Structures are given as structure tokens and as C-alpha cells.
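# Predicted model and sequence below, questions to follow.
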Amino acid sequence: MDEPTLDTTARTEPPTPELLELLAGWMPARRWYPVKGSVVRPVPWVSYALPAPDGLSVEVHLLRLVGGGVDVLVQVPLVWAPTGEGGDAGADQAAGGTVIGTVVREDGASLDVHDGAAHPAFWAAVLDLAEWADGVPHAPHDLDLGGARALAVEQSNSSVMLPGVSGGGMLKVVRALAVGPNPDVVIPRALAAHGFAGSPRPLAWLTAGWEDSDTTTSTAGALTAHLAVLTELVTGATDGFDLACDHARRGEPLDEQAAALGRDVAAMHQALAEAFEPGDPLDTKWLVDELRARAETATTQADVLVERHDRIRGFHDETVSLLAQSGATTTLQRIHGDLHLGQALHGESGWKILDFEGEPMRSVAERARPDVALRDVAGMLRSFDYAAAVGGATDPAWASSAQTAFLEAYRTAAGVTGDEARAAEALLRALLLDKALYEVVYETRNRPDWLPIPLAAVDRLLAGGI
Ligand SMILES: Nc1ncnc2c1ncn2[C@@H]1O[C@H](COP(=O)(O)OP(=O)(O)O)[C@@H](O)[C@H]1O
Ligand SMILES: O=P(O)(O)O[C@H]1O[C@H](CO)[C@@H](O[C@H]2O[C@H](CO)[C@@H](O)[C@H](O)[C@H]2O)[C@H](O)[C@H]1O
């Protein structure tokens, strides 16, 4: 793990009850809020004071969201400024600027509390404290925040475009924190070191360190977490999901780009297999048990699955016998973990694959362990289905044609023979159902209007389709 550059010397006071209340009211409406649907309370764990320009203060609070069996660590960076003076030049004004609320101190001073992830003072502090990759220039004159802006559409984390930093960078402020190495820092660094050019190179990262003095917890001792990572900015490229939706809308096939993506995903899997220790051979019983457990959890999290519960169990029973007959074998390895079209940018030089954090709703330990590479393939296949629905493809074969192009190119590049592909069919269908169930929960919590998309896929798969 990296040595922390934000360490105990920067520790500061935890949030006051008043600030905690403010944050407790603000966080749940954020897209990145990782425990939607759970009743939790924020418990301060570690707080840091970061370098700040005169008149402002910059803080990072690591809060545990605890309750109902949930215990998730989130990062909440804040910038404090006298009311009305904090500026929010980099903020997404359409999303309401950066101010979370106003606090009046005991001395009567009124201070605005800004979301640090959208505030230039926090970005500057991160760049100041970060550890930089070998060979990346980072003299102060390279840290130009001109043109910097927080991305309007937040996803699982908060991202900031920094066109003037080191030739162009994208800063990701991690929200749900992994104690220990974050896959989104570790994996792209390992891929770059192995010469894989299909993902943006990490330029710098910020690691925090603290002591957990509570010896009754499993985490007691010296802890670290990656708080942010800066990667090279991919310019002139289109988000893969937007590209696919546009094609679907215009009725244009996406097959060529899908095939190129299939080849790149195969190359990514090859590089991941080389860069990390191989896992064990796949134990199909372990896998189906895990799929069953995830389906049971999903059923408790999305009411629409309750009436499908028995059919889902039946599907998994059948999967067990199909897998036993098929003789499908594979070795577990590091994978992307949450691959979909929105994790790929398409430009003149082809595709770039992003965001190796894995499914945000999975535990950190699960995300870091070797898994089935076909899980990524299933994720991408689901994404073509989403694009057809969101783009409003009128040709019912639009998605299946892109899916076939992707899958065939992936198999050819990965050297999968026809027999192996047939043997893996039941495995692929089981992983498609797993992903669609995950998506049902995701959409229930984040975009209820889109729930019919994965739900239709669940019903198709349960009815024997794909
Ligand atoms: N290096 C980069 N260059 C250009 N755009 C990027 C880069 N990294 C991310 N993006 C854009 O930011 C969006 C969010 O990034 P992502 O890593 O998927 O964040 P999250 O973890 O919040 O899902 C992506 O969909 C992509 O459009
Ligand atoms: O990109 P994230 O790591 O935040 O992933 C989460 O959000 C994704 C949506 O932004 C979600 O992906 C689902 O919606 C996509 C269209 O927006 C679609 O292309 C994907 O196939 C579908 O899974 C992802 O599941 C979630 O983890």
C-alpha cells in the first residue's frame, strides 16, 4: 500500500453535531450516496485539515454511515468560507452550486459550507498533497486550475476535469472509501506498468493514513485509504453509452465499435491476468452459491423481485445441472468488476476503459478478489440492451446484433474455441441474470423510471431467453 501523504499530522477536530446534522440532510440526495434505502447515522471517524488559501479552510471528514447492519465509510471534503465569499467557479451551477449550507459560529461569524469535491480550493489541496507517478511533471506551474470544472453528472464518485494539470487530467474524488488499496488506483497503475494502453494512465493519487485505536474492531491498527486519483484526461472522445444510444436512436448499427470493444476487453483481461496473481480454478458450486445469495439479497432490496423469487431459485437450480453437464472451466483472475458502456470512452484512437472500482454496492473485499472474467462480458452485453431501450431503437435486433459482434470479437481475441463458448453458455446466462438483478436494485434506488429496462431482462432470462 502507498505511504500516506495525508497523515496524522494533519488531523483536526471532528464535525460538530450541527455540521453532522447538515451533512445528514444533504448526503442522501447525492447520486454517490452509497446506502440509499438504509436508515443510517453518520459517525465521524477521522478528520483532516488541508492546506488552504487565506480566508478559506479546507477539511476532509471520513464518516462511517452506520445502522441496520450497514457500516460504510464515505469521504466528505468541505471548504469553509465567509458567507457569500467562497466562490464556486468550478461548480455545476445547474446542480445548485457548491454550498451545502450555512453555519453561524459562536462568535457570530456566518460561514458557508461548500462541497469540497466541487470546489477549486479542495482540488488545489489534493494536487498539493498527492503522490505523483514517476515521470509526471508536477511543478506548481503545471497545476493550472484554469478551465477546471466538476462533472455535471455525478456517478458513484465525484469527478473533476482539470484540463490545465499535467497536460490534462481527470480527478476522481472517491466517495465510498475502501480501507486499504483502492482497485481504481491499483489496477490502472498495474495495467500501465504492463504496457496496456487501453486505459488512461494514473498520474497522481492521494493516500490518507490514520490509526484505529478501537482494538475491538477488525480494522484496529494503522489504516490507509486512497482518497483521490488523477488520471490522464482522454480528450475528443465520446462516452460509450452516449455513443451507443445515439446509434440506437438513429437506427445505425454499432457492430463495428462493439467488435473493437470486444477485442479491447479481451486484451484488458489478458493484461490483468499477467499483472496480478492468478486465482483458483472456478468452483462452480461456489459461484452458484454466491449468485443465489446475491439474488436473495436483491429480493429483499427491490419489491418487484418478490413475485419472481421462486422462478429465480428455479433458474439457479437449473444452472447447477447445466454447469455440471457443460464441463465449463476457467481460472479466476482480477477483472474490471462493473463493466458497462459508460465505463468506456470512444475516440479516434479507439476505446479507453475506465473505472476499475467494481460494483459500488459490493464490499471492498469482494471487489478485490479474483473473479470470473465472463462477468465483465455479461456486464457489457447488458449495456447494449440498456442503450437500445434508452436510445429507443426501433429495430428489435439492434441490441442483439451489437451483442453478437462484441461477443464474437471477444472470443476470437481471447482464443475461446466454439466448444468452450458453448460450454460457457449457462455460465454467461447466469451472470447476465446476476447483473440484471443488481441493476434492478440499482435502478430502484437511483432511477426508478429506468427500472423496466433491467426488469424486462430478468423476465426474458427467466423465460429462457437472453
Ligand atoms: N480519464 C478520463 N478522461 C476523460 N473522461 C473521463 C476520464 N475518466 C472518467 N471520465 C468521464 O467521467 C465519467 C465518470 O468517471 P467514472 O470513472 O466512471 O466515475 P464513477 O466512479 O463516479 O462512476 C465517465 O463516464 C467519463 O465520461
Ligand atoms: O459507473 P458506476 O460505477 O457509477 O456504475 C453504476 O452506475 C451505472 C449507471 O451510471 C450502472 O450502469 C447501468 O446503467 C448504464 C446506463 O446508464 C448501463 O449502460 C449499464 O449496463 C447498467 O448496468 C451500473 O450498474 C452501476 O454500478
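Received it, and whenever you're ready, just let me know what you need. A quick note: this is a predicted structure, and the numbers were derived from the prediction, not measured. Numbers count the residues shown, from 1 in each chain. Ligands and ions are numbered 1, 2, ... in the order given.
# Spatially nearest residue to residue 326, not counting backbone neighbours?
Using CB to CB, 6 or more residues apart in numbering and skipping residues adjacent in sequence, the residue nearest residue 326 is residue 423, 4.4 Å away. Heads up, the C-betas are built off the backbone N, CA and C, glycines and all.
# Next: residue 50.
Distances taken as CB to CB, 6+ apart put residue 125 closest to residue 50, at 3.8 Å, once the chain neighbours are dropped.
# Likewise for residue 277?
The spatial neighbour of residue 277 that comes closest, neighbours along the chain excluded (CB to CB, 6+ apart), is residue 370 at 7.9 Å.
# Which segments of this structure make up each domain?
For the chain, automatic domain parsing gives the domain ranges 8-232, 238-462.
# Check whether the first one comes near ligand 1.
Which is domain 8-232. Yes - using CB under 6 Å from any ligand atom, domain 8-232 reaches ligand 1 at 151, 155-157, 159, 170, 172, 200, 231-232.
# what comes up buried for stretch 184-200?
Applying a neighbour-count criterion of 16 or more other CB atoms under 10 Å, the buried positions in stretch 184-200 are 184-192, 196, 198-200.
# got JSON lines for these, with secondary structure and pLDDT too?
Formatted as JSON lines, the buried residues of stretch 184-200 follow (DSSP: H, G, I helix; E, B strand; the rest coil; pLDDT from 0 to 100):
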{"residue": "184", "secondary structure": "helix", "pLDDT": "92"}
{"residue": "185", "secondary structure": "helix", "pLDDT": "93"}
{"residue": "186", "secondary structure": "helix", "pLDDT": "93"}
{"residue": "187", "secondary structure": "helix", "pLDDT": "96"}
{"residue": "188", "secondary structure": "helix", "pLDDT": "95"}
{"residue": "189", "secondary structure": "helix", "pLDDT": "95"}
{"residue": "190", "secondary structure": "helix", "pLDDT": "95"}
{"residue": "191", "secondary structure": "helix", "pLDDT": "95"}
{"residue": "192", "secondary structure": "helix", "pLDDT": "93"}
{"residue": "196", "secondary structure": "coil", "pLDDT": "94"}
{"residue": "198", "secondary structure": "coil", "pLDDT": "96"}
{"residue": "199", "secondary structure": "coil", "pLDDT": "97"}
{"residue": "200", "secondary structure": "coil", "pLDDT": "95"}
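# for those, which one is nearest ligand 2?
The closest of the buried residues of stretch 184-200 to ligand 2 turns out to be residue 184 (CB to the nearest ligand atom; 9.4 Å).
# That closest one and residue 48: what is the separation?
Residue 184 is 21 Å from residue 48, where distance means CB to CB, to the nearest Å.
# how about the strands of the stretch 151-300 of the chain, start to end?
Assigned by DSSP state E, counting those that start in this stretch, the stretch 151-300 of the chain shows strands spanning 158-162, 169-173, 202-212, 221-232, 238-239.
# Take those and write them to a markdown table, including mean pLDDT and distance to ligand 2.
Output for those, formatted as a markdown table (pLDDT from 0 to 100; distance: least, CB to the nearest ligand atom, whole Å):
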| stretch | mean pLDDT | distance to ligand 2 |
| --- | --- | --- |
| strand 158-162 | 95 | 10 |
| strand 169-173 | 96 | 11 |
| strand 202-212 | 93 | 17 |
| strand 221-232 | 93 | 14 |
| strand 238-239 | 96 | 10 |
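# All the strands of the stretch 301-450 of the chain, residue numbers only.
Taking DSSP E, counting those that start in this stretch, the strands of the stretch 301-450 of the chain run over residues 344-347, 350-353.
# Just want the residue of the stretch 1-150 of the chain that's nearest ligand 1.
Taking CB to the nearest ligand atom, ligand 1 has its nearest neighbour within the stretch 1-150 of the chain at residue 32, 6.8 Å off.
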